[in-house]
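Visitor: take a look and give me a structure for this.
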Amino acid sequence: MDNKKKVLFWGELPPETVHGISLSNERILNSLSLDYQVIKVIDRASFGGVIRKIFSLIVSLLMLTFYATKRCNYFYINTPMSTLGLWKIYIAVRLVLLVSPKTQVVSHLHRGDFLTFVSNDNNRALFSKFSNYVHRLLVLSNKSKQEIIDNDLFDGDKICVLFNTIEPMNRPDKSTDRNDKERYLYCLCNYIETKRIHSLVKLSNQLLYPIKFNGVASSENYMERLAQLDSAHLCSFDGVIHGSEKERKLRGAKALVLPSLNEGMPLVLLESLAQGTPVICFNIGYISDYLGLDYPGLVHELNDEALGLKIQWIENLSRAEYEKLRIYSYTLFWGGFDPNVISKDVLRIFE
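Guide: The predicted structure follows:
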């Protein structure tokens with residue numbers, strides 16, 4: 001163990017925090033643990049009141065200082081798209097490099113709203129300052145890499161594309177089955193107004209297509225609003241779903257529908273494709289880099305009318321056409337984003 005190179009990580013991880021970035025962190029650290037000694041410092045500064053957050057931050061920085069004395073080869077972090085978050089990471093990086101100047105900083109940019117963030121002059125200046133201490137920047141897609149290079153924000157030679165993936169608990173033997181009459185439209189997304197769940201509920205009632213939902217409720221008021229919009233009682237609003245139960249529900253759906261216009265590359269799309277279930281979503285963020293611009297479920301016009309037309313399109317497919325779409329979706333994930341392949345990419349990048 002002592003002969004292995006060391007990776008010092010600071011960030012969010014399950015089960016303390018469960019979202020796309022924390023799940024990606026866990027998967028990448030699991031891949032690295034095959035060849036490296038991984039030291040984890042969990043960031044808990046997002047929880048509790050102001051005093052608790054400050055205390056958690058101080059504790060984290062002290063732990064990072066201690067572990068940095070262990071001559072870690074890499075310091076792996078995420079690049080947040082908030083001014084406060086980026087300041088926090090910048091301070092942590094400076095502290096680690098002060099104690100261990102030879103440590104290589106690897107930062108992972110997950111977000112799709114990078115250009116919006118740096119359009120603010122102060123944020124741009126902060127990112128530029130932060131980037132001076134980053135030796136390798138990991139991004140989700142070729143589009144993201146090109147955006148950063150075109151805006152002269154980072155040395156292109158130090159940017160690596162690491163495609164996201166997920167690790168299914170079960171890999172279906174077949175991408176289709178014979179229960180298509182029981183299939184349903186499905187939305188797996190937290191009940192947050194910015195995710196535009198209300199728009200999908202409106203479409204469900206206008207088009208008279210039932211939709212099942214799973215997610216975390218953001219507020220009672222928003223849930224009451226969704227219930228009022230569901231005047232035809234076509235929608236079911238269920239809670240959080242995990243593991244094999246989530247995979248079963250995705251596999252049984254006719255399509256996963258995401259109405260959000262604010263995404264980078266949501267992991268739920270890959271979770272759906274891995275089960276052979278087609279996805280319907282807007283062409284935003286880096287989604288087209290994963291699905292391809294010609295993916296049949298991609299909505300190019302960013303409005304609800306276009307989303308509704310795509311829902312009607314998939315509902316009207318013949319059985320043969322639909323089964324072909326499921327096979328195409330299944331192959332798209334397992335042919336391009338197999339977690340075993342991505343795990344090898346992680347090791348290659350750190351080497």
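
Visitor: so which residues of the chain form helices?
Guide: Per DSSP state H, the chain carries helices over the ranges 20-32, 50-68, 83-99, 114-118, 121-131, 142-150, 197-207, 220-229, 243-252, 267-274, 287-291, 304-315, 319-336, 339-350.

Visitor: possible to save these as JSON lines with distance to Gly11, mean pLDDT and mean neighbour count?
Guide: C-beta here means a position set from N, CA and C on the backbone, and glycine is covered the same way. As requested, these are arranged in JSON lines below (distance: least, Cβ to Cβ, whole Å; pLDDT from 0 to 100; neighbours: other Cβ atoms under 10 Å):
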{"stretch": "helix 20-32", "distance to Gly11": "5", "mean pLDDT": "92", "mean neighbour count": "20"}
{"stretch": "helix 50-68", "distance to Gly11": "10", "mean pLDDT": "91", "mean neighbour count": "15"}
{"stretch": "helix 83-99", "distance to Gly11": "9", "mean pLDDT": "95", "mean neighbour count": "16"}
{"stretch": "helix 114-118", "distance to Gly11": "18", "mean pLDDT": "88", "mean neighbour count": "17"}
{"stretch": "helix 121-131", "distance to Gly11": "15", "mean pLDDT": "94", "mean neighbour count": "15"}
{"stretch": "helix 142-150", "distance to Gly11": "19", "mean pLDDT": "92", "mean neighbour count": "17"}
{"stretch": "helix 197-207", "distance to Gly11": "28", "mean pLDDT": "97", "mean neighbour count": "20"}
{"stretch": "helix 220-229", "distance to Gly11": "29", "mean pLDDT": "96", "mean neighbour count": "13"}
{"stretch": "helix 243-252", "distance to Gly11": "23", "mean pLDDT": "93", "mean neighbour count": "16"}
{"stretch": "helix 267-274", "distance to Gly11": "16", "mean pLDDT": "95", "mean neighbour count": "24"}
{"stretch": "helix 287-291", "distance to Gly11": "23", "mean pLDDT": "94", "mean neighbour count": "21"}
{"stretch": "helix 304-315", "distance to Gly11": "34", "mean pLDDT": "98", "mean neighbour count": "16"}
{"stretch": "helix 319-336", "distance to Gly11": "25", "mean pLDDT": "96", "mean neighbour count": "17"}
{"stretch": "helix 339-350", "distance to Gly11": "15", "mean pLDDT": "93", "mean neighbour count": "15"}
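
Visitor: turn those helices into JSON lines, including distance to Leu185.
Guide: Output for the helices of the chain, formatted as JSON lines (distance: least, Cβ to Cβ, whole Å):
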{"stretch": "helix 20-32", "distance to Leu185": "22"}
{"stretch": "helix 50-68", "distance to Leu185": "40"}
{"stretch": "helix 83-99", "distance to Leu185": "35"}
{"stretch": "helix 114-118", "distance to Leu185": "30"}
{"stretch": "helix 121-131", "distance to Leu185": "38"}
{"stretch": "helix 142-150", "distance to Leu185": "28"}
{"stretch": "helix 197-207", "distance to Leu185": "8"}
{"stretch": "helix 220-229", "distance to Leu185": "15"}
{"stretch": "helix 243-252", "distance to Leu185": "11"}
{"stretch": "helix 267-274", "distance to Leu185": "12"}
{"stretch": "helix 287-291", "distance to Leu185": "18"}
{"stretch": "helix 304-315", "distance to Leu185": "7"}
{"stretch": "helix 319-336", "distance to Leu185": "13"}
{"stretch": "helix 339-350", "distance to Leu185": "27"}
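
Visitor: quick one: closest of those to Glu12.
Guide: helix 20-32 (4.4 Å; Cβ to Cβ).

Visitor: contacts for the closest one?
Guide: Helix 20-32 is contacted by residues 7, 9, 11-14, 16, 38, 40, 76, 78, 108, 110, 164-167, 266-267, 339, 342-343, 346-347, 350 when judged by Cβ atoms under 8 Å, 6 or more residues apart in numbering.

Visitor: what angle sits between it and helix 339-350?
Guide: Inter-element angle recorded for helix 20-32 and helix 339-350: 80 degrees (by axes from the mean of the first three to the mean of the last three Cα atoms, to 10 degrees).

Visitor: using CSV, write out every CA atom in helix 20-32.
Guide: Provided in CSV are the C-alpha atoms of helix 20-32 (Å, rounded to 0.1, in the frame of the first residue of the first chain):
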residue,chain,number,x,y,z
GLY,A,20,-24.8,13.4,-10.2
ILE,A,21,-21.4,14.9,-9.1
SER,A,22,-21.1,13.0,-5.9
LEU,A,23,-22.0,9.7,-7.7
SER,A,24,-19.3,10.5,-10.3
ASN,A,25,-16.8,11.2,-7.6
GLU,A,26,-17.5,7.9,-6.0
ARG,A,27,-17.2,6.0,-9.3
ILE,A,28,-13.9,7.7,-10.2
LEU,A,29,-12.4,7.2,-6.7
ASN,A,30,-13.3,3.5,-6.9
SER,A,31,-11.5,3.3,-10.3
LEU,A,32,-8.4,5.0,-8.9
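
Visitor: tell me the angle it makes with helix 267-274.
Guide: Using the same axes, to 10 degrees: helix 20-32 against helix 267-274 is 60 degrees.

Visitor: tell me how far helix 20-32 lies from the chain's centre.
Guide: 11 Å (Cα atoms, centre = their mean, to the nearest Å).

Visitor: then stretch 128-147?
Guide: Here the centre of stretch 128-147 is set off from its chain's centre by 17 Å, with Cα atoms, centre = their mean.
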